[in-house]
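K.L.:
have a look at this fold, sequence not included:
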């Protein structure tokens with residue numbers, strides 16, 4: 001039942017972001033949707049492994065974290081920052097298991113199954129709360145300032 005609820009919420013959140021969202025939300029929605037589809041592919045190929053770190057999962061999650069961080073820098077909004085932070089948190093779950101080999105497999109499995117919910121809920125909340133999806137205006141980072149014609 002939880003999987004069906006998650007897939008329904010994922011479909012609604014990413015679909016509404018892609019169709020009705022700002023440019024940044026469209027990128028977020030497409031990236032989250034692609035990440036879930038690619039995760040299912042990796043799971044089919046490698047299987048569910050909780051006794052050790054799957055480097056396929058780690059590589060995919062690290063790539064998605066980097067992509068979501070780039071989206072958050074390019075299209076800064078609270079939803080983009082939250083989604084990128086949740087993805088980083090999920091990626092760090094792999095590193096915890098990699099570095100602390102005595103981590104109980106159940107706790108590692110729990111982290112991997114739960115981390116995606118806050119991302120999808122944040123994207124869904126952005127549809128209901130306009131303040132989460134408005135662009136943050138303070139962009140004082142020098143490389144961006146030069147690129148967009150600000151001193």
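P.N.:
Alright, I've got the coordinates. In this text, all values refer to a predicted model and were calculated from it rather than measured experimentally. Numbering: from 1, shown residues only.

K.L.:
could you use CA atoms for every contact and neighbour count after this?
P.N.:
Fine.

K.L.:
spatially central residue in this protein, please.
P.N.:
Nearest residue to the geometric centre of the chain (CA atoms, centre = their mean): residue 87, 4.0 Å.

K.L.:
show the contacting residues for that one.
P.N.:
61, 64, 65, 68, 115, 116, 119 (CA atoms under 8 Å, 6 or more residues apart in numbering).

K.L.:
show me the residues you listed that map onto helices.
P.N.:
Counted as lying in helices by DSSP state H, out of the contacts of residue 87, are 61, 64, 65, 68, 116, 119.

K.L.:
of the residues you listed - the most surrounded one?
P.N.:
Using other CA atoms under 10 Å as the neighbour criterion, residue 68 leads the ones in helices among the contacts of residue 87 with 25 neighbours.

K.L.:
please name every helix or strand in contact with the lengthiest helix in the chain.
P.N.:
As assigned by DSSP H, the longest helix anywhere in the chain is helix 23-46. Under the contact criterion of 3 or more CA pairs under 8 Å, 6 or more residues apart in numbering; DSSP states H and E, helix 23-46 touches helix 2-20, helix 55-74, helix 78-99.

K.L.:
mean pLDDT and distance to residue 31 added to the ones you listed, as JSON lines?
P.N.:
Listed next are the helices and strands packed on helix 23-46 as JSON lines, based on pLDDT from 0 to 100; distance: least, CA to CA, whole Å:
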{"stretch": "helix 2-20", "mean pLDDT": "89", "distance to residue 31": "9"}
{"stretch": "helix 55-74", "mean pLDDT": "91", "distance to residue 31": "7"}
{"stretch": "helix 78-99", "mean pLDDT": "85", "distance to residue 31": "11"}
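
K.L.:
can you redo these as JSON lines with distance to residue 46?
P.N.:
Shown next, in JSON lines, are the helices and strands packed on helix 23-46 (distance: least, CA to CA, whole Å):
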{"stretch": "helix 2-20", "distance to residue 46": "20"}
{"stretch": "helix 55-74", "distance to residue 46": "8"}
{"stretch": "helix 78-99", "distance to residue 46": "15"}
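
K.L.:
tell me the most buried of the ones you listed?
P.N.:
helix 78-99 (a mean of 20; mean count of other CA atoms under 10 Å).

K.L.:
that one vs helix 23-46, what angle?
P.N.:
Angle, helix 78-99 to helix 23-46, by axes from the mean of the first three to the mean of the last three CA atoms, to 10 degrees: 30 degrees.
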